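Asker: Generate a structure from the sequence data that follows.
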Amino acid sequence: MGLHPQHVAAAASLLSEPSRSIMLTYMLDGRFHTSGELARAAGITPQTASFHLKKLEEAGFLDQTKQGRHRYYGLKDPAIAQVIESLLTITPPAQVSSFKQAAEDQAIRYARTCYDHLAGSLGIQVAKGLIANEYVKQEHNQFILTAKGETFFSSFGIDVETARRKRRSFCHCCLDWSERKHHLAGALGHAMLERFLELDWLRKKSESRALLLTETGRNGLAEVFSLDISNIHKTHDNKVYLR
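Answerer: Now for the predicted structure:
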């Protein structure tokens, strides 16, 4: 059966509810969360969260897994994450009313997970480095892996053929909501982020989709990807952010 306009309207109505939108955006970190965690993120009661999560699950937006007494929820498909990230590009910026909010906003804009790949200013810089080194080339809204890139990613510890066999897009452009430019997504983008985490170049921040750049990562990105990171500095808390 083909899609009809009412199907689009039904999906849009699910996203238009503020609490659901907040919970879906919270799940852009690629992790699974309990209904209690999602309720706190949205500022609603657990009962209300369960109601909204059931609606989203029935619509095919979410996967659910059970462990012990807890149910965990996560986005079902990278395509759903891409739609949410795309919607964020046309969303007015949130009003920042505290230092904590400002610091979190800065961290998320600098480096974050877009479901399962790297986004933010750092993601854009990495994509630019890949293009400059001729590891990939950009054609419209698609990244094309070059022969030179195949050699590079293999030497970097990424199994390109395994990534290519995944039942998903291999190497596509994803529009970054904070930078309005493209970063690398798809199976190759996911494999690259996993490698960054494995090498301890990046670390996941608890209860956030922000990623922290380590000193090892700072040096590694400069050396391996030939990135100009002179505009990165350390703050008083010893974390690395963009000026």
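
Asker: In which helix or strand does Leu118 reside?
Answerer: For Leu118, the enclosing helix or strand under DSSP states H and E is strand 117-119.

Asker: helix or strand right after that strand?
Answerer: Downstream of strand 117-119, the first helix or strand assigned by DSSP H and E is helix 121-132.

Asker: Now tell me what touches that following helix from outside.
Answerer: Contact with helix 121-132 is made by 109-111, 114, 117-118, 136-138, 143, 149, 176, 178-179, 181-184, 192, 211, 213, 221, 225-227, 229, 242, as judged by CB atoms under 8 Å, 6 or more residues apart in numbering. C-beta: built from backbone N, CA, C; applies to glycine.

Asker: Can you name every helix or strand that the strand or helix carrying Arg20 contacts?
Answerer: Take DSSP H and E as the rule and Arg20 turns out to sit in helix 18-26. Judged by 3 or more CB pairs under 8 Å, 6 or more residues apart in numbering; DSSP states H and E, helix 18-26 is in contact with helix 5-16, helix 35-42, helix 46-58, helix 78-88.

Asker: Ser154: which of those is closest?
Answerer: helix 78-88 (23.3 Å; CB to CB).

Asker: in the closest one, what counts as buried?
Answerer: Pro78, Ile80, Ala81, Gln82, Ile84, Glu85, Leu88 (16 or more other CB atoms under 10 Å).

Asker: and the gap between the residue lying closest to the last one once chain neighbours are set aside and Asp200?
Answerer: Among residues not flanking Leu88 along the chain, Trp177 sits closest, at 3.6 Å (CB to CB, 6 or more residues apart in numbering). Noted for Trp177: a distance of 27 Å to Asp200, by CB to CB, to the nearest Å.

Asker: likewise Glu207?
Answerer: 20 Å.

Asker: Equivalent analysis for Ala39, please.
Answerer: Going from Ala39 to Asp200 by CB to CB gives 33 Å.

Asker: When those two are compared, which one has more neighbours?
Answerer: Ala39 (21 against 12; other CB atoms under 10 Å).
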